[in-house]
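A.B. asks: dropping a prediction and its sequence here:
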Amino acid sequence: MRVNAKRFSDEVARAMGRLPKFLKDAANTAGVAVLTDDRPPRHPGDQPDDALFAEFIGPTSLEFASGDSPHPPTVVLYRSTFESECDNIADFREELYRTLIHELGHFLGFDEDKLADV
């Protein structure tokens, strides 16, 4: 399925509105930036079938609170991955919501193993 950049931004805002209050509050308090990009960067060792929906970049909430990082916490969502991996708008919205929870979980300090439990 295809969505243009404006529609993707609108869907991100919609998904942000659905987040649990504690997650929205934590992200808003720290000023977590949620950005969109057309496609994920390619890194050495990436496999062609790697589907990177998003990345969390920057300090966790504890690192941010201590002032140890000059960079703001940021989530970057990659539109092309959602387009290629989702068959319809319902799947698209659900994957976007789950991805935001996952990436904001990294902000809260959860590693991949802990996030798999959430």
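C.D. replies: Cool, the structure landed. Numbers count the residues shown, from 1 in each chain.

A.B. asks: isn't residue 60 right up against residue 104?
C.D. replies: No - at 10.7 Å, residue 60 does not count as touching residue 104 under the criterion of C-beta atoms under 8 Å. For glycine as for every other residue, the C-beta is placed from the backbone atoms N, C-alpha and C.

A.B. asks: which of the two has more neighbours?
C.D. replies: For residue 60 and residue 104, the more surrounded residue by other C-beta atoms under 10 Å is residue 104, and the numbers stand at 23 against 17.

A.B. asks: what helices or strands is the helix or strand that contains that one leaning on?
C.D. replies: Assigned by DSSP states H and E, residue 104 falls within helix 89-107. Helices and strands touching helix 89-107, by 3 or more C-beta pairs under 8 Å, 6 or more residues apart in numbering; DSSP states H and E, are helix 5-18, helix 21-30, strand 54-57, strand 74-78, helix 79-85, helix 112-117.

A.B. asks: pull the distance from the fifth one to the chain's centre.
C.D. replies: Read that as helix 79-85. The chain centroid and the centroid of helix 79-85 are separated by 13 Å under C-alpha atoms, centre = their mean, to the nearest Å.

A.B. asks: show me what counts as buried in it.
C.D. replies: 79-82 (16 or more other C-beta atoms under 10 Å).

A.B. asks: and stretch 64-75, end to end?
C.D. replies: Distance between the two ends of stretch 64-75: 14 Å, counting by C-alpha to C-alpha, to the nearest Å.
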